[in-house]
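[1] model this:
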Amino acid sequence: SLMRFEEVPVDYYTGQPNISIPLGNVSINKDLSYPITLQYNTQSLRVEERSGWTGTGFSLPTGGVISRTIQGIPDELNTQYGGIGMFHLTEMMNYNGLSINEKAQFLWETNNGETKKDAMYDLFQYSFFGKSGRFIIEKSTSGLQAKIIGQETNDKIKVYHNTSFELTKFEITDTRGYIFVFDVYNQNTIQTVTVSSNQFPTDQSIGTVYSDLSGGQDVPNAWYLTSVKSPVTNLANPNGIVLCTFNYSNVIENYNIPTTYATNTIIGNPYFGNSDTENINKGMTLPKTVEVTQQITSTQKYITSMDIPNGPSVEYSFSNGHPEYLLGGAKLNSIIVREPNGDVNKQINLTYQTTTHHRLFLTQVKEIYGTDQLVYDLEYNNKNSLAAFDKSHMDRWGYYRESFDFFLSDPEDATTGVLTLSLIHI
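    Model prediction:
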């Protein structure tokens, strides 16, 4: 038989349709289950967005993750050229106790000087087993403490770190007492080149070049779920009985961040002082132009299995290499659900197509259980026209545009490459 999805649920808060392909559900105990579901992002495609291991627009939650949005300088960083993060700033622990001059000096150092200081806490987001939330990490005299923000919850977050305040592990305990452990993380090295030109050049130099924003340190931005523990304890498991574990493999990813440009123009004819102060004041003006290029080299964690002691397991098979990366990346090829005795309960195969612009699209999902199978064929709107990773075909909001007019775009262009049809046949 051949049919098409007729009804798609809509999120009444965001207005976005909830498009997903349910592929299975593994029971862990009476309270917890492990869903296997492909999810599709319906918010169109920005030109510079790279896809993951399930292709453009699709994602596959695999347990849980704590991700970080770095705001300013990574909180744990403490290098001369990379900057000083929040965990190393004594000023932030006693900011209200600083004098006016000390506050002014600190605020100046957050934007100026050879070694800049951080001014914002990094934002952390967690997502696992249907739960989600946000928090920041504050430093106190007793160490690092997680502070949940933006919602009412009784979840408890414990932060682990080394003597340099590098974050090594998280434990989140939910209201039922289950403990979710996150203690493997990715590693990122950011190489940054900044070229700036002065407002009042004194020589032929176009500016100063800075490199290696991270100061040579690997800066994690994601920690992955490795185990779930029951609140029930015994002599052999004083910290809780392990209900399931998650295993990962390292995958290198290397890619460029789009170059950004900024221009600062002096308006009018300002007075810069007499001959004694003129050059000093001119030297304090913002650069005339700034061009920033970044290259990311990261070691990502890709799940290989979810195992329940004396129970079923889920295995993930992927191949190295992804067309949207300079080097590395991966494509998910299959998922196998096994019975407690090791027999195959179900196998899920994924098929892809790479366009001439090196975009990866998931085109088929096939569920095989015994002698039966269920096949999803996926079609997209003009996917071969979705541009490569450059700004020549991108409007001011980051979406694809066919014309070269930066400000005027055809709304239809923004739907280039989006999912249009899912056909199911047996």
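
[2] can you pull out the low-pLDDT segments for the protein?
    1-16, 44, 91-93, 112-114, 201-217, 390-393, 397, 402-411 (pLDDT under 70).

[3] tell me the contacts of residue 224?
    63-65, 182, 184-185, 246, 248, 301, 303 (C-beta atoms under 8 Å, 6 or more residues apart in numbering). C-beta coordinates here come from the backbone N, C-alpha and C atoms, glycine included.

[4] ok, the residues you listed vs residue 54, which is closest?
    For those, the residue nearest residue 54 by C-beta to C-beta is residue 303; the value is 12.1 Å.

[5] could you look up the SS state of the closest one?
    What DSSP: H, G, I helix; E, B strand; the rest coil gives for residue 303 is strand.

[6] hang on, the earlier thing: who wins for most neighbours among the contacts of residue 224?
    Sorting the contacts of residue 224 by how many neighbours each has (other C-beta atoms under 10 Å) puts residue 182 first, at 26 neighbours.

[7] what bridges to that residue?
    residue 170, residue 225 (DSSP bridges).

[8] how about the helices in the chain?
    Taking DSSP state H, the helices of the chain run over residues 90-93, 100-109, 278-283.

[9] ok so, going back, how about the contacts of residue 224 in CSV, adding distance to residue 167?
    Formatted as CSV, the contacts of residue 224 follow (distance: C-beta to C-beta, whole Å):
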residue, distance to residue 167
63, 19
64, 16
65, 14
182, 10
184, 12
185, 8
246, 19
248, 17
301, 15
303, 21
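
[10] residue 192 contacts residue 291, correct?
    No - judged on C-beta atoms under 8 Å, residue 192 makes no contact with residue 291 at a distance of 11.2 Å.

[11] just name the most buried of the helices of the chain.
    Of all the helices of the chain, helix 90-93 has the most neighbours on average by mean count of other C-beta atoms under 10 Å, namely a mean of 14.

[12] for residue 160, give me its contacts.
    167-171, 183.

[13] among the helices of the chain, single out whichever gets nearest to residue 426.
    Closest to residue 426 of the helices of the chain, according to C-beta to C-beta: helix 90-93, at 60.6 Å.

[14] which of the contacts of residue 160 sit farthest apart?
    So, the contacts of residue 160 by C-beta to C-beta: farthest apart are 167 and 171, at 12.2 Å.

[15] more neighbours, those two?
    Per other C-beta under 10 Å, whichever of residue 167 and residue 171 has more neighbours is residue 167, with 23 against 17.

[16] so the more buried one is in contact with residue 77, correct?
    No - counting by C-beta under 8 Å, residue 167 sits too far from residue 77 to count as a contact (11.5 Å).

[17] show me what residue 197 is bridged to.
    Note on residue 197: beta-bridge partners by DSSP bridges are residue 289.

[18] test my guess that it contacts residue 285.
    No - using C-beta under 8 Å, residue 197 makes no contact with residue 285, being 11.7 Å away.

[19] in space, what's closest to residue 347 - neighbours in sequence excluded?
    Distance criterion C-beta to C-beta, 6 or more residues apart in numbering; nearest residue to residue 347, sequence neighbours excluded, is residue 368 at 4.6 Å.

[20] okay, which residue is most central for the protein?
    Nearest to the mean C-alpha position of the chain, counting by C-alpha atoms, centre = their mean, stands residue 67 at 6.1 Å.

[21] distance check, that one against residue 182.
    10 Å (C-beta to C-beta, to the nearest Å).

[22] also residue 285?
    In terms of C-beta to C-beta, residue 285 sits 45 Å off from residue 182.

[23] again with residue 20
    Using C-beta to C-beta, residue 20 is found at 24 Å from residue 182.

[24] ok, now residue 105?
    38 Å.

[25] what do you get for residue 265?
    Taking C-beta to C-beta, one finds residue 265 at 47 Å from residue 182.

[26] try residue 79
    25 Å.

[27] about what we covered before: common neighbours of residue 67 and residue 182, please.
    With C-beta under 8 Å, 6+ apart, residue 67 and residue 182 have no common neighbours.

[28] and the strands in the stretch 251-400 of the chain?
    Ranges of strands within the stretch 251-400 of the chain are 289-307, 313-320, 327-328, 330-338, 344-354, 360-369, 372-380, based on DSSP state E, counting those that start in this stretch.

[29] any chance of JSON lines for those, columns distance to residue 426?
    What follows is those, written out as JSON lines (distance: least, C-beta to C-beta, whole Å):
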{"stretch": "strand 289-307", "distance to residue 426": "28"}
{"stretch": "strand 313-320", "distance to residue 426": "23"}
{"stretch": "strand 327-328", "distance to residue 426": "37"}
{"stretch": "strand 330-338", "distance to residue 426": "19"}
{"stretch": "strand 344-354", "distance to residue 426": "15"}
{"stretch": "strand 360-369", "distance to residue 426": "10"}
{"stretch": "strand 372-380", "distance to residue 426": "6"}
